[in-house]
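A.B. asks: Sharing a sequence plus its predicted fold:
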Amino acid sequence: MSRAYLIDRDNGTYYGITYNEKNIFVAARRISYAKGKGRPEEQAGVILVYNYNLELVDELLPAFPLRDLHQIYYFDNKLWAVCTYDSTVAIYGNGLWGRWHPLGENITTKIAHKYHFNSIFSIKNRIYMAGSIDRNGIIYEYDFQSKAILNKYFIGYSSHNVWARDGVISTLSSMAGTSVSIDGRSEIISKGNFVRGIAVTEHSVYYGISTALNRSRREGSNLMIKKTSMDNTGTGFYGIREFGQINEIRTPGLFDYAHPSCPGKIIQTEKLGERFDSVPIIKDPVIREIPAWQSIPRSLYQRFDMARRKSRLRRDQIL
């Protein structure tokens, strides 16, 4: 039976993963889902730094708090970390920390907290920030040099992740259990479940699937990865029971359209069992689908809910 290894524990919710040729970076909130939601202003996350032998070699902590850490991405020789609570991106390079405010430095706290930017991606002199505003999925496109907003896309239902393949930008419509693209394409990933985390290699796509639960119930829930082949020759599942939701997927050593800045290096796993505890990987679905989630009434409700929430945001002059 295949095993998954526990590389670190007791650092709260783990979210983003990224890497360069030398190191692997992991975002840890140092607080659980439930406690973090109730006390976001108290959060102070950390970036754990590993070498490719999975030895912890450093911890990155700026002078300002990393609150509600989500996705991290290494590009332009810098580490970029999305701090959702403050609608900011912490940037680390050459031993120095800085901050970028995607909504502008003069944004009010009230509006900043309405946004839920959770993902970052960059390609071809563009930066893309994805997330949601009151469950309305969004992707904001920025010029890399000036950081000026070039486009705003309203796409998805509580969206996470953003990537590009063949010039088309896509995101995961997490609460709808689908993958959606700005050109109008949509694909069902898991009916009735929460999809977050994706890796897109040359031959396969890996989707993270979790049970749709409120934050107080996420600890100890099941998770799984769904693998689909580009040539539609098969689908596989890799499940883990009772370890909480899945937040990120990366494929070090393989080119990934969701992490094109650096392929990283393959991690040698043969002797990991001598150093780390492990849990079994179940090669069957450990989360059942809910077919009614994709029914016409449910789809109509989701569209109605997004329109209602968007109207409220316009009324409050947030959009």
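C.D. replies: Received it, and whenever you're ready, just let me know what you need.
A.B. asks: Would you mind writing the CA trace of stretch 183-202 as CSV?
C.D. replies: Only the C-alpha atoms of stretch 183-202 are listed here, as CSV (Å, rounded to 0.1, in the frame of the first residue of the first chain):
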residue,chain,number,x,y,z
ASP,A,183,-13.5,31.6,-22.2
GLY,A,184,-16.7,30.1,-20.8
ARG,A,185,-15.6,26.4,-20.5
SER,A,186,-16.7,24.5,-17.4
GLU,A,187,-15.9,21.0,-16.2
ILE,A,188,-17.4,19.0,-13.3
ILE,A,189,-14.7,17.8,-10.9
SER,A,190,-16.6,16.4,-7.9
LYS,A,191,-20.4,16.8,-7.5
GLY,A,192,-21.3,18.4,-4.1
ASN,A,193,-17.7,18.6,-2.8
PHE,A,194,-15.2,21.4,-2.3
VAL,A,195,-12.4,21.6,-4.9
ARG,A,196,-9.2,23.4,-4.1
GLY,A,197,-5.6,22.7,-5.2
ILE,A,198,-4.6,21.8,-8.7
ALA,A,199,-1.5,20.7,-10.6
VAL,A,200,-1.6,20.5,-14.5
THR,A,201,1.3,18.5,-16.0
GLU,A,202,1.8,17.6,-19.6
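A.B. asks: how far does it sit from the chain's center?
C.D. replies: The chain centre lies 12 Å from the centre of stretch 183-202; the measure is CA atoms, centre = their mean, to the nearest Å.
A.B. asks: now the strands: where do they sit in the stretch 201-319 of the chain?
C.D. replies: In the stretch 201-319 of the chain, the strands defined using DSSP state E, counting those that start in this stretch lie at 204-210, 223-229, 235-240, 278-280.
A.B. asks: where along the stretch 151-300 of the chain do the helices fall?
C.D. replies: Listed in chain order, the helices found in the stretch 151-300 of the chain under DSSP state H, counting those that start in this stretch are 296-315.
A.B. asks: for it, which spans come out with low pLDDT?
C.D. replies: Scanning the stretch 151-300 of the chain for pLDDT under 70 picks out the ranges 213-220, 292-298.
A.B. asks: Highest mean neighbour count out of the strands of the stretch 201-319 of the chain?
C.D. replies: Neighbour counts (mean count of other CB atoms under 10 Å) averaged over each of the strands of the stretch 201-319 of the chain peak at strand 204-210, with a mean of 22. Yep, even glycine has a C-beta here, placed from its N, CA and C like the rest.
A.B. asks: Only alpha carbons, please: show that one as PDB.
C.D. replies: The C-alpha trace of strand 204-210 is given here as PDB (Å, rounded to 0.1, in the frame of the first residue of the first chain):
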ATOM      1  CA  SER A 204      -2.300  14.600 -16.200                       C
ATOM      2  CA  VAL A 205      -4.400  17.000 -14.100                       C
ATOM      3  CA  TYR A 206      -4.500  16.500 -10.300                       C
ATOM      4  CA  TYR A 207      -7.500  18.100  -8.400                       C
ATOM      5  CA  GLY A 208      -7.800  18.500  -4.600                       C
ATOM      6  CA  ILE A 209     -11.200  17.400  -3.300                       C
ATOM      7  CA  SER A 210     -12.500  17.900   0.300                       C
END
